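Student: structural data only, the sequence is not supplied:
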């Protein structure tokens, strides 16, 4: 796996709840490229619970949405936004898990729509949550206006 270098780091006003490292309330997700997949290893914390020792479904949905956004950033080298997100909760996720693995890959592309499948796995490798997202891909010029130039991995 190769670590993805965050292209938004240092951008004015960058404070994403999912991936900004300096957002005091955020998830602080980091991303890696593993073949066709974009992967994040994330560590649950008690303040993200919905029920006692159980991850909040909205946080799990956010983990999926965020990794899908990074599929767009790295694999398509542009920006985009979510137009649809369908999440299925298969098994509860404990806030006591040492880490979760979130993986996503492109399932299909139709013109400027990208269909992405994602999974959240616990430390036993069980799929606990899965989701399918549809992202609208921004044209290159619009992405540049938003500050996006290129998304690299370490050593590239």
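Tutor: Cool, got the structure. Keep in mind the model is a prediction, meaning the values are calculated, not measured.

Student: what's residue 32 in contact with, if anything?
Tutor: Counting by C-beta atoms under 8 Å, 6 or more residues apart in numbering, residue 32 makes contact with 1-4, 38-41. Yep, even glycine has a C-beta here, placed from its N, CA and C like the rest.

Student: quick check: bridge partners of it?
Tutor: Going by DSSP bridges, residue 32 is paired in beta bridges with residue 3, residue 39.

Student: ok, it to residue 42 distance?
Tutor: Note on residue 32: its distance to residue 42, by C-beta to C-beta, to the nearest Å, is 12 Å.

Student: how about residue 64?
Tutor: Using C-beta to C-beta, residue 64 is found at 11 Å from residue 42.

Student: so which of the two has more stuff around it?
Tutor: Comparing residue 64 with residue 42 by other C-beta atoms under 10 Å, the one with more neighbours is residue 64, at 27 against 21.

Student: in the helix or strand where that one lies, what counts as buried?
Tutor: Applying DSSP states H and E as the criterion places residue 64 in helix 57-75. Of all the residues in helix 57-75, those buried under the rule 16 or more other C-beta atoms under 10 Å are 59-75.

Student: who does that helix touch, helix- and strand-wise?
Tutor: When contacts are defined as 3 or more C-beta pairs under 8 Å, 6 or more residues apart in numbering; DSSP states H and E, helix 57-75 sits against strand 37-42, strand 49-51, strand 80-89, strand 100-110, strand 113-121, strand 127-137.

Student: can you do 7 Å?
Tutor: When contacts are defined as 3 or more C-beta pairs under 7 Å, 6 or more residues apart in numbering; DSSP states H and E, helix 57-75 packs onto strand 37-42, strand 80-89, strand 100-110, strand 113-121, strand 127-137.
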